[in-house]
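Student: Predicted model, plus sequence, below.
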Amino acid sequence: MPDDIARWLNEHANPLSTLTPGAPVEDLKPLGEALRGTRIVGLGESTHGTSEFFRLKHRIVEFLVREEGFTTLAMETSQSAARALDAYVRHGTGAPERLVARLGFWTWRTREMVDLVEWLRAHNRNLPEERRIRFVGTDPQLCTDSVEAVAAFLRRTAPDQAGRVSALDVLSRARPGSLPDPDKALMRRAEEIVRLVADHVEQSGPGDEADEALEHARILVRAADLVTRPITASAGEEGVYAARDRYMAEAVARLVDDDPGARVMVWAHNGHIAKGTYGEQVPALGSRLRERYGDAYYALALLFGKGSFLARRGNGLQGPPARHRIGTGFRSLEAWLADAVPGDYYADLRAAVSPAGAAPWLHAPHAQRSFGANVQRFFYRLNTAPLVPAEDYDGIAFVARSTCSHLLPPTEG
């Protein structure tokens, strides 16, 4: 291990006394200080199936809401389904287990996620409406709720036109890039529905039901765009990966720009919250937020040393997630982080960045582990992504040991 990594971390790492939500927050104060003057913090993760990441981020959310005045949790999940979960978080409408299960991704269908949602509800319960924390999805895919909401609105306001929504039923289940269509016929149908809903909203006047229907219709346009874009890596800005991160960044930007007092926590994979690119040079969500808001955006990566995590095997969308194990190894930055400082800790790369000559590891290329919802069979242990720590992230929270997140039983969905 390069000497400067151990030396720098021993000077700048802040130990985390616990990962358990509800614990005293003195050890999180350095993070609060680092976030002074920011409006958006990206809360990353190197796997979607690590219990400790859920628990630590739950703890960080509690701290940021109570101590730092953050107002919104924006998550890498269905914009469509998240609106019902937001109604639970703010008003207690519905059952949390069912609403979490309806988010459309196995990754969030966990006991840890339900615990976070129930905390958000408990926090909001006795607050006035204007001070309640919001829950927002940023990903415009898996739109069952939006198809149903728009169809119901048109059945009440324009029964003769309601059948037109059936052409968009495919958006309830279609994944990004799964229906390539250079002519964008599906997107044009969705845009026609938006105009139809907007006309009826204008005629009947604004109201909660009408405004909700119009937003659901707009979600369908974004979803139709995603499912019909090319999925090839060479598509660049026209490809589905770049479009997905752009839409997620725009969802966060609307939250910030529409409310001068908003402070937003963005929960997503490390690849999305990073300030650079991922994959085949796809501009990440975080890079778009940094370009738009400068230092008001802070990217916090979550990394781990060794242990186990959940992920699906192969590229399929079916089948249960499986337990995957990995040791500390020696090829990744995480191996050096584990060797340099024992236990769990947080390090602020932004405030503590020294000139390149004093801490060259912060400005040098490394490999970080990166596991998505699916991983390669057998070879997942080799999954790494390039990074330059000070360029890709503003801070790192390191967890020494990962264990699998706890999936909800199917009967709870």
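Tutor: Received it, and whenever you're ready, just let me know what you need.

Student: only C-alpha atoms for contact and neighbour calcs from this point on.
Tutor: Will do.

Student: Surely G372 touches T47?
Tutor: Yes - G372 lies in contact with T47 (C-alpha atoms under 8 Å); the separation is 5.8 Å.

Student: Looking at these two now, which is surrounded by more residues?
Tutor: The neighbour comparison of G372 against T47 (other C-alpha atoms under 10 Å) goes to T47, with 27 against 19.

Student: Look up the residues that both of G372 and T47 are in contact with.
Tutor: H269 (C-alpha atoms under 8 Å, 6 or more residues apart in numbering).

Student: buried residues in stretch 185-201?
Tutor: By neighbour count with 16 or more other C-alpha atoms under 10 Å, stretch 185-201 contains the buried residues 186-187, 189-194, 196-198, 200-201.

Student: where along the stretch 151-300 of the chain do the strands fall?
Tutor: 264-267, 277-278, 282-283, 297-313 (DSSP state E, counting those that start in this stretch).

Student: Could you dump those strands into CSV and include distance to T18?
Tutor: What follows is the strands of the stretch 151-300 of the chain, written out as CSV (distance: least, C-alpha to C-alpha, whole Å):
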stretch, distance to T18
strand 264-267, 20
strand 277-278, 31
strand 282-283, 34
strand 297-313, 15
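
Student: So which of these is the most surrounded?
Tutor: Comparing these by mean neighbour count (mean count of other C-alpha atoms under 10 Å), strand 264-267 comes out on top with a mean of 26.

Student: Neighbouring strands - and their directions - for that strand?
Tutor: Using DSSP bridges, strand 264-267 pairs in its sheet with strand 40-43 (parallel), strand 72-78 (parallel).

Student: can you tell me which residues contact R83?
Tutor: R83 neighbours (C-alpha under 8 Å, 6+ apart): F135, V136, G137.

Student: Need those in a markdown table (columns: pLDDT and neighbour count).
Tutor: Below are these laid out as a markdown table (pLDDT from 0 to 100; neighbours: other C-alpha atoms under 10 Å):
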| residue | pLDDT | neighbour count |
| --- | --- | --- |
| F135 | 98 | 22 |
| V136 | 98 | 26 |
| G137 | 98 | 25 |
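
Student: Now flag whichever of those residues is closest to P283.
Tutor: G137 (19.7 Å; C-alpha to C-alpha).

Student: Confirm that that closest one sits in a helix.
Tutor: No - going by DSSP: H, G, I helix; E, B strand; the rest coil, the assignment for G137 is strand, not a helix.

Student: what ranges do the helices span in the stretch 201-350 of the chain?
Tutor: When assigned using DSSP state H, counting those that start in this stretch, the helices of the stretch 201-350 of the chain occupy the ranges 208-228, 240-258, 270-273, 285-293, 333-340, 349-352.

Student: State the helix or strand in which the residue lying closest to F371 once chain neighbours are set aside lies.
Tutor: Setting aside the residues directly before and after it, F371 is nearest to T47 in space (C-alpha to C-alpha, 6 or more residues apart in numbering), at 4.9 Å. Counting by DSSP states H and E, there is no helix or strand that carries T47.

Student: From the contact counts, what lies against the lowest-mean-pLDDT helix or strand in the chain?
Tutor: When the helices and strands of the chain are scored by mean pLDDT, DSSP states H and E, helix 349-352 comes last with a mean of 81. For helix 349-352, the packing partners by 3 or more C-alpha pairs under 8 Å, 6 or more residues apart in numbering; DSSP states H and E come out as helix 389-392, strand 395-402.

Student: what's the first one in contact with?
Tutor: What it means is helix 389-392. Counting by C-alpha under 8 Å, 6+ apart, 274-276, 299, 349-350, 353, 361-366 sit against helix 389-392.

Student: Let's see that with 7 Å instead.
Tutor: Where contact means C-alpha atoms under 7 Å, 6 or more residues apart in numbering, the residues beyond helix 389-392 that reach it are A274, K275, G276, L349, L362, H363.

Student: what does the last one give?
Tutor: Outside of strand 395-402, the residues within contact range by C-alpha under 7 Å, 6+ apart are 50-52, 299-309, 338, 343-350.

Student: Indicate each strand paired with it and its parallel or antiparallel sense.
Tutor: strand 297-313 (parallel), strand 345-348 (antiparallel).

Student: Next, format those as CSV and append mean pLDDT.
Tutor: Converted to CSV, these look like this (pLDDT from 0 to 100):
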stretch, mean pLDDT
strand 297-313, 97
strand 345-348, 97
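
Student: Export those strands to CSV and append columns for distance to V25.
Tutor: Formatted as CSV, the strands paired with strand 395-402 follow (distance: least, C-alpha to C-alpha, whole Å):
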stretch, distance to V25
strand 297-313, 18
strand 345-348, 13
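
Student: what's the model's confidence in stretch 404-413, averaged?
Tutor: Throughout stretch 404-413, pLDDT has a mean value of 81.

Student: Would you indicate which residues of that stretch are buried?
Tutor: For stretch 404-413, by 16+ other C-alpha under 10 Å, it's C404, S405, H406, L407, L408.

Student: Then stretch 152-171?
Tutor: Across stretch 152-171, burial judged by 16+ other C-alpha under 10 Å covers A152, F153, L154, T157, A162, V165, L168, V170, L171.

Student: before we move on, what about stretch 380-396?
Tutor: Going by 16+ other C-alpha under 10 Å, stretch 380-396 has these buried residues: 380-381, 384, 386-396.

Student: Which single one of these is nearest to P21?
Tutor: For the buried residues of stretch 380-396, the nearest to P21 is I396 (18.8 Å; C-alpha to C-alpha).

Student: beta partners of that closest one?
Tutor: In this entry, I396 is beta-bridged to A301, A347, by DSSP bridges.

Student: Test my guess that A347 contacts E11.
Tutor: No - counting by C-alpha atoms under 7 Å, A347 does not reach E11; the two are 9.6 Å apart.

Student: Among the strands paired with strand 395-402, which comes closest to A84?
Tutor: The nearest among these, by C-alpha to C-alpha, is strand 297-313 at 26.2 Å.

Student: now the closest one, how far from the chain's geometric center?
Tutor: Here the centre of strand 297-313 is set off from its chain's centre by 13 Å, with C-alpha atoms, centre = their mean, to the nearest Å.

Student: C-alpha coordinates for it, CSV please?
Tutor: Taking C-alpha atoms only, strand 297-313 is exported to CSV below (Å, rounded to 0.1, in the frame of the first residue of the first chain):
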residue,chain,number,x,y,z
TYR,A,297,-23.6,19.2,-4.7
TYR,A,298,-21.7,16.8,-2.5
ALA,A,299,-21.0,13.2,-3.6
LEU,A,300,-20.6,10.7,-0.7
ALA,A,301,-19.6,7.2,-1.8
LEU,A,302,-20.2,4.1,0.4
LEU,A,303,-17.6,1.4,0.1
PHE,A,304,-17.0,-1.9,2.0
GLY,A,305,-14.0,-4.1,2.8
LYS,A,306,-15.3,-7.7,2.7
GLY,A,307,-18.3,-9.9,3.4
SER,A,308,-21.5,-10.7,1.6
PHE,A,309,-24.2,-8.9,-0.4
LEU,A,310,-27.3,-9.8,-2.4
ALA,A,311,-27.5,-9.6,-6.2
ARG,A,312,-29.2,-11.5,-9.0
ARG,A,313,-27.0,-13.9,-11.0
